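> sharing a model that was predicted from the sequence below.
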Amino acid sequence: MTSEPRRLIQRRTALAQGASCLGLWVAGCRDGGDTSPVAGDGDDAWHVHPGQSIQAALDRAAAADGRRRVVVHEGTYRPDRPGQALVWLNRRHDGITLEAEGSVVLTAANSDIADRDAESFPAVVNHVVYFGDGISARTVFRGFTITAANGFDTRSDEPEPIEPDRPELGKQNLLFFYCDGGGMKIFGRSYPRIEQVEVTGNVASPCGGGVSIQHLGFQQDAVRISDSIFRDNRCQVTGSAIDVLPGSRAEITNCLFTGNVANTGPDTVSPPGKPYNARHGSGALTVFPGSRVRATGCTWTGNWNGVDDKAAANHYSRSIFWQNTLGGGISPEGRYELDIVDGKNVKGCLLGGAIADLRGTIDAKTNTMDAPDPDFDESFLPRCPAYEGVGYRPVKKPLASSSREH
């Protein structure tokens, strides 16, 4: 068993090296010149290159007749000023497809303008990407790497409010609105399709280092996240990779969770003396009461805990929970694979770790509770035959459907 954490670290290192290679493209960000997006020639898209503004392209696409695609070309895109988000989509952007062509990194960091004395250095935005009220499943976000959120917090609406509907939705939970969801914040009646992204190396306090979903009880539809990787995200309290706040809804398909750590500090949200999940801590995925989640064909491995779910009748199927025993949090008792109040819809899963089923709610007849070593390769594809058809499978990112330009 002692070799397993070492192998997981090696695999995460290999993935991290790939991400660092992507980061070399930051040198390609052009200074000065025209920052306007370019209209494509016959492909109904706006094209963005390093040094140009993704937000300007989204705003043009929102105002245009017909051109509802924005293609972002290879490079690293960073904020040019402090703000609440690098990129934001709200009601007027509904129906846009925002997709990467090649290796595209969206980062919260800009060391040239960040306060070097701040704990949040070098981040200068609260969230890398924000999806706001009025976003339907017609909105697609595809192919990006999201990184380097680090607990930055501004309440300023400059250069413009990222959420025009916030007064209608009330002023409750503003801490979560501003501070949860370092990589992505999804707020209100917002149900984007998020595909083939890598959310890596983000930090948030209190919750949702990678993604925070806050539907405020509007469960008409779900956020759909597929074919994606959540790696090395951290948060002070709950949901290091994905935090599903009360009254929210998500569908998670073919996703990998590895290296994510919750509970890195004291619980500053819960009532005094009553920290959430005080003994064992929270997972890479946290699901609060009243939320609805369906996770299919996913892998949780090498995290500080797998999943904690206090809602009713949520579905987990054909997924792997393996050795989620990573350190880094402050909770005093042992690590677990699943901490689920209502386990009746956990089916076809393979579990193996220090504590497979924290509450004893999972049916051992429809799941494998003492699974064999999956023998992951470097892309976390299990070599062990027992895992056929179960867990995450890598998906090659396709090029955008067209790249023709003027």
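Sure, I can see it. It should be emphasised that the depicted structure is a prediction, and the values quoted were computed from it without experimental measurement.
> when you work out contacts or count neighbours from here on, use the C-alpha atoms and nothing else.
Fine.
> burial check on the closest residue to W88 other than its chain neighbours, number of neighbours?
Leaving aside its sequence neighbours, W88 sits nearest to Y130 (C-alpha to C-alpha, 6 or more residues apart in numbering; 4.6 Å). Neighbours of Y130 under the rule other C-alpha atoms under 10 Å: 24.
> can you pull the contacts of Y130?
Counting by C-alpha atoms under 8 Å, 6 or more residues apart in numbering, Y130 touches A85, V87, W88, L89, I162, M184, K185, I186, F187.
> now, the most widely separated pair of these?
By the measure C-alpha to C-alpha, V87 and F187 form the most distant pair in the contacts of Y130, at 14.2 Å.
> hang on, the residue nearest to W88 in a helix?
No - counting by DSSP: H, G, I helix; E, B strand; the rest coil, Y130 is not found in a helix; it is strand.
> tell me what it is bridged to.
Beta-bridge pairing for Y130 (DSSP bridges): W88, K185.
> name the residues that touch the top strand by length along the chain?
The longest strand of the chain (DSSP state E) is strand 97-107. Outside strand 97-107, the residues within contact range by C-alpha under 8 Å, 6+ apart are 22-23, 68-79, 86, 128, 138-149, 399-400.
> got the CA positions of it in PDB?
Extracted in PDB, the C-alpha atoms of strand 97-107 (Å, rounded to 0.1, in the frame of the first residue of the first chain):
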ATOM      1  CA  THR A  97     -20.200  28.300 -27.400                       C
ATOM      2  CA  LEU A  98     -16.800  29.300 -26.000                       C
ATOM      3  CA  GLU A  99     -14.100  26.800 -27.100                       C
ATOM      4  CA  ALA A 100     -10.400  26.400 -27.100                       C
ATOM      5  CA  GLU A 101      -8.400  25.600 -30.200                       C
ATOM      6  CA  GLY A 102      -5.100  24.000 -29.100                       C
ATOM      7  CA  SER A 103      -3.700  24.300 -25.600                       C
ATOM      8  CA  VAL A 104      -5.500  27.400 -24.000                       C
ATOM      9  CA  VAL A 105      -4.800  28.300 -20.400                       C
ATOM     10  CA  LEU A 106      -7.100  30.800 -18.500                       C
ATOM     11  CA  THR A 107      -5.300  32.000 -15.400                       C
END
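> distance from the chain centre to it, please.
15 Å (C-alpha atoms, centre = their mean, to the nearest Å).
> for D59, grab phi and psi.
Phi and psi for D59, reported as degrees, to the nearest 10, are phi -70, psi -40.
> that one: neighbouring residues, count only.
D59: 14 neighbours (other C-alpha under 10 Å).
> now it: closest residue in space that isn't a chain neighbour?
Here the residue nearest D59, using C-alpha to C-alpha, 6+ apart, is H93, at 7.2 Å.
> what about the residue nearest to W88, distance to I113?
21 Å (C-alpha to C-alpha, to the nearest Å).
> same question for G327.
33 Å.
> could you pull out the helices for the stretch 1-150 of the chain?
3-23, 54-63 (DSSP state H, counting those that start in this stretch).
> the last one to strand 97-107, inter-axis angle?
Orientation of helix 54-63 against strand 97-107 (axes from the mean of the first three to the mean of the last three C-alpha atoms, to 10 degrees) gives an angle of 170 degrees.
> hang on, the earlier thing: any idea how far the residue nearest to W88 lies from G210?
Taking C-alpha to C-alpha, one finds Y130 at 12 Å from G210.
> please enumerate the shared neighbours of these two.
M184.
> what residue ranges in the stretch 51-200 of the chain score low on pLDDT?
Applying pLDDT under 70 to the stretch 51-200 of the chain picks out residues 167, 170-173.
> so what's D308 bridging to?
Bridge pairing for D308 - DSSP bridges - gives T286, D339.
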